[in-house]
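Colleague: The following block contains a protein sequence and its predicted model.
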Amino acid sequence: MIEADWTWWLAPEQRGKKVHAFGLKAETPYLEAACKHTVLRSRIEENPGKQLWCLPCLIAVGEQIPEDHHRHGDAS
C-alpha cells in the first residue's frame, strides 16, 4: 500500500540531487522514497527551489504535489 502523506524533499543521487516524495513518519535511519530510492535520513534537505523532480515519484504520488512549489520543489 502506498503511503498517504508524502513530503517532497531534496535527496542526493548518483548524478546530483533530485526532489523525491518521502513518507517521513518512519522512525528509521534510512527513508524510502515513493520510487524506492533509499536515503540516509540525515542526508535529505528542504528544497531551495528550481531542482529536478524524480519522475517515478511524480508518477507514483503526483496528485499530492504541494502548492508551495518553492519550499518543497519546483515542478515548473
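Modeller: Yep, it's here.
Colleague: Now for the residue most central in space within the chain, which secondary structure element holds it?
Modeller: Closest to where the C-alpha atoms of the chain average out (CA atoms, centre = their mean) is His20, at 2.0 Å. Using DSSP states H and E, His20 maps to strand 16-22.
Colleague: Quick check: pLDDT value at Gln64.
Modeller: For Gln64, the model assigns a pLDDT of 64.
Colleague: From the chain's centroid, how far away is the strand holding His20?
Modeller: Remark: strand 16-22 is offset 4 Å from the chain centroid, using CA atoms, centre = their mean, to the nearest Å.
Colleague: How about stretch 27-44?
Modeller: With CA atoms, centre = their mean as the basis, the mean position of stretch 27-44 lies at 9 Å from the chain mean.
Colleague: which parts of it are buried?
Modeller: Within stretch 27-44, the residues that count as buried by 16 or more other CB atoms under 10 Å are Leu31, Ala33, Ala34, Cys35, His37, Val39, Ile44. No exception for glycine: its C-beta is placed from N, CA and C like everyone else's.
Colleague: Show me the helices in this protein, by range?
Modeller: Under the criterion DSSP state H, the chain carries helices at the ranges 55-61, 69-72.
Colleague: Averaging pLDDT over each of those, report the lowest-scoring one.
Modeller: Across these, helix 69-72 gives the lowest mean pLDDT, at a mean of 48.
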